[in-house]
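>>> Quick one, fold the following:
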Amino acid sequence: MSCLTWETLGLDLNTPFRLSYGVSEKRQSFWLRLADDTGWGEAAIPPYYDIRDTEVIAFWEAVSHRCDPFPDDLAGITDWIGSDGPAPARCALDIALHDRIARDRGLPLFELLGLPIPTSTPTAFTISIDAPEKMAERAKSIPEYSVIKLKLGSDDDIALVAAVRAARPDVKLYVDANAGWTVGEAIERIKELEPYNLALIEQPLPKDDIAGMGYVQKHTNIPIVADESVQTLENIEALGAAGVKGVNLKLMKIGGLAPTLKMLYRARELDMKIMLGCMVETSLGVTAMAHLLGLADWVDLDAPLLIKNDPFDGVSYENGQMTVPTNRAGIGVLRK
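A predicted model of the protein is given here:
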């Protein structure tokens, strides 16, 4: 009998999701289940990360044939999973094993991890690239959200930000270029964007240009926050040395809770601020990350708001705030 099973989840988006890499109307995720439903995990990764489903499934198949006893404590999770598989495949196992241990002990995940209780917190609501007037209209349609993140990386970036700022002068505004600018473009555009009172600028340059990210940071007081550039502990060290002010941590690209926490604590030691982020994923993965809310400076965990058919009941959203189900053992996610 297999010690784990998985199934594909097709995610339908509420609106087309446009960013510098392209546009999506659908995304895909995987629901991973340990034997007897003792723990659940999720794997979701965007197409531009160039990780194939076959790689993810092959890793799980190898693990399911091995079927060693699951670890019974946190210290054993990383060694049990190993480091060979794709990050989202390792992530799903990591989440499921944390869920299993927490459920077995009757504890919510944050308590198992020794973290602060996650209180209700505002999350950014993401608006993807569109015409300036349409992005402004979308911003007006969500008055309950006090934080908005704009996807940039088009020729109209300045006009997009200007339109949304005019529509919502009250909001905290994040912008995310998704690696869509060159160094020269970044410095020029950031100078033009500074009057619009931005709270942060996410991933202006290609992921491998960490030195360039630091160079851009030296030209502005607005925090530059690395996202695609942050996948390993070595990336944290390099970004800290370059002087980048913040990092966006996502379970799916890093490989789960255990490596994410290790990177988070090291980033803190290097005086960098922390954003908790997500891919386009269900409430399963987002709720797992939301147990870390007490450690965050910025929160961007809105993925369940962007999809029509989330099959899970986990984090809830009301009046622009997200709330973690802290009264449930484990991650706290149920099937709808």
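>>> Tell me how many other residues surround residue 54.
8 (other Cβ atoms under 10 Å). C-beta: built from backbone N, CA, C; applies to glycine.
>>> Wait, a helix at it?
Yes. The assignment for residue 54 (DSSP: H, G, I helix; E, B strand; the rest coil) places it in a helix.
>>> pLDDT wise, what is it at?
As predicted, residue 54 sits at a pLDDT of 95.
>>> what's the answer for the one 5 residues further on, then?
You'll see residue 59 listed with a pLDDT of 96.
>>> residue ranges of the helices in the protein, please?
53-66, 77-81, 87-105, 109-112, 132-140, 157-167, 183-193, 210-217, 233-242, 251-254, 257-269, 283-290, 303-306 (DSSP state H).
>>> and residue 319, which of those helices is closest to it?
helix 303-306 (13.0 Å; Cβ to Cβ).
>>> What is the closest one packed up against?
strand 4-19, helix 283-290 (3 or more Cβ pairs under 8 Å, 6 or more residues apart in numbering; DSSP states H and E).
>>> if we can go back for a sec, hey, which of the helices of the chain is tucked in deepest?
Sort the helices of the chain by mean neighbour count, taking mean count of other Cβ atoms under 10 Å, and helix 283-290 sits at the top with a mean of 29.
>>> Could you tell me how far that helix lies from the centre of the chain?
9 Å (Cα atoms, centre = their mean, to the nearest Å).
>>> hmm, back to that, next, format the helices and strands packed on helix 303-306 as JSON lines and append distance to residue 80 and mean pLDDT.
Below are those laid out as JSON lines (distance: least, Cβ to Cβ, whole Å; pLDDT from 0 to 100):
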{"stretch": "strand 4-19", "distance to residue 80": "12", "mean pLDDT": "86"}
{"stretch": "helix 283-290", "distance to residue 80": "17", "mean pLDDT": "98"}
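>>> which one of these lies closest to residue 227?
So among those, strand 4-19 is nearest, using Cβ to Cβ, at 11.3 Å.
>>> Can you lay out the helices of the chain as TSV showing distance to residue 224?
Below are the helices of the chain laid out as TSV (distance: least, Cβ to Cβ, whole Å):
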stretch	distance to residue 224
helix 53-66	31
helix 77-81	30
helix 87-105	23
helix 109-112	29
helix 132-140	22
helix 157-167	16
helix 183-193	9
helix 210-217	4
helix 233-242	9
helix 251-254	18
helix 257-269	14
helix 283-290	22
helix 303-306	23
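>>> Determine which of the ones you listed approaches residue 39 most closely.
helix 87-105 (3.2 Å).
>>> what angle sits between that closest one and helix 283-290?
Angle, helix 87-105 to helix 283-290, by axes from the mean of the first three to the mean of the last three Cα atoms, to 10 degrees: 80 degrees.
>>> circling back to that earlier point, want to throw the helices and strands packed on helix 303-306 into JSON lines with distance to residue 158?
Shown next, in JSON lines, are these (distance: least, Cβ to Cβ, whole Å):
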{"stretch": "strand 4-19", "distance to residue 158": "17"}
{"stretch": "helix 283-290", "distance to residue 158": "31"}
